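Engineer: No sequence on hand, only this structure:
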């Protein structure tokens, strides 16, 4: 999205480029072919090393995938998988897993 | 737990020290005073940076806390919080959050 600001009277115009992307959970569902081997289509872990992702906090998922992609967060498999993801892919996949409804029984 | 092995006839004895600890979810509940500010007593995130922990995979939680404690995984707050935890604390806290029952509605 591109926003233009014009402040009349002081001959100033500024263009702000907004790189944010409207995350699309439905698109995300189409992009989790690799993810679901460990994290499931339902967001429930399929192995003891992989976390559940169902209903997970969306900004946390975006941050995790971004850190795996950059290598700031280390995990042999995730560093390889995340390297292939665009910002849009990350946003969509995070939106998909975050969108799964989860009910928690109070402990 | 300490296990002793004695193999008669070849004059060999080996002592294996087993550092594993029987995790105690009830003890864990008493140890999450700091955790619950961000992750809740119910394991549901209280801020957009913190993940939900309710029903999370136990070995994943143990690994995460151990990596935060060692500094292998970076997070300003978590590195400070985890530094104070013993192996027993980590096992108990992980067992507590993992024990919270979660129902997922299939997407």
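Structural biologist: On my side now, so go ahead. Being a predicted model, the structure only gives us computed values, none of them experimental.

Engineer: quick one: contacts for residue A:41?
Structural biologist: By Cβ atoms under 8 Å, 6 or more residues apart in numbering or on different chains, the residues touching residue A:41 are A:29, A:32, B:107. Yep, even glycine has a C-beta here, placed from its N, CA and C like the rest.

Engineer: Now do the last one against chain A, distance only.
Structural biologist: To tie it back to what came earlier, the one meant is residue B:107. 5 Å (Cβ to the nearest Cβ, to the nearest Å).

Engineer: neighbours around that residue, how many?
Structural biologist: Counted with other Cβ atoms under 10 Å in any protein chain shown, residues neighbouring residue B:107 total 15.

Engineer: Just the pLDDT for it.
Structural biologist: Residue B:107 is assigned a predicted lDDT (pLDDT) of 78.

Engineer: again, but for the first one
Structural biologist: Residue A:29 is assigned a predicted lDDT (pLDDT) of 97.

Engineer: From residue A:31, how far out is the nearest residue to it once chain neighbours are set aside?
Structural biologist: Once flanking residues are discounted, residue A:29 sits nearest to residue A:96: 5.0 Å by Cβ to Cβ, 6 or more residues apart in numbering or on different chains. The gap separating residue A:96 from residue A:31 is 8 Å, by Cβ to Cβ, to the nearest Å.

Engineer: Equivalent analysis for residue A:24, please.
Structural biologist: From residue A:24 to residue A:31 the distance is 10 Å (Cβ to Cβ).

Engineer: Identify the contacts common to these two.
Structural biologist: Residues touching both residue A:24 and residue A:31 by Cβ under 8 Å, 6+ apart: residue A:92.

Engineer: Walking through chain A, point out its strands one by one.
Structural biologist: With DSSP state E as the criterion, chain A has strands at A:2-7, A:12-17, A:102-104.

Engineer: Residue A:85: what's it in contact with?
Structural biologist: When contacts are counted by Cβ under 8 Å, 6+ apart, residue A:85 touches A:65, A:69, A:93.

Engineer: returning to what we had before: mean pLDDT for the strands of chain A: which is lowest?
Structural biologist: Within the strands of chain A, the stretch with the lowest mean pLDDT is strand A:2-7, showing a mean of 43.

Engineer: Between residue A:96 and residue A:31, which has more neighbouring residues?
Structural biologist: Between residue A:96 and residue A:31, residue A:96 has the larger neighbour count (other Cβ under 10 Å), namely 26 against 17.
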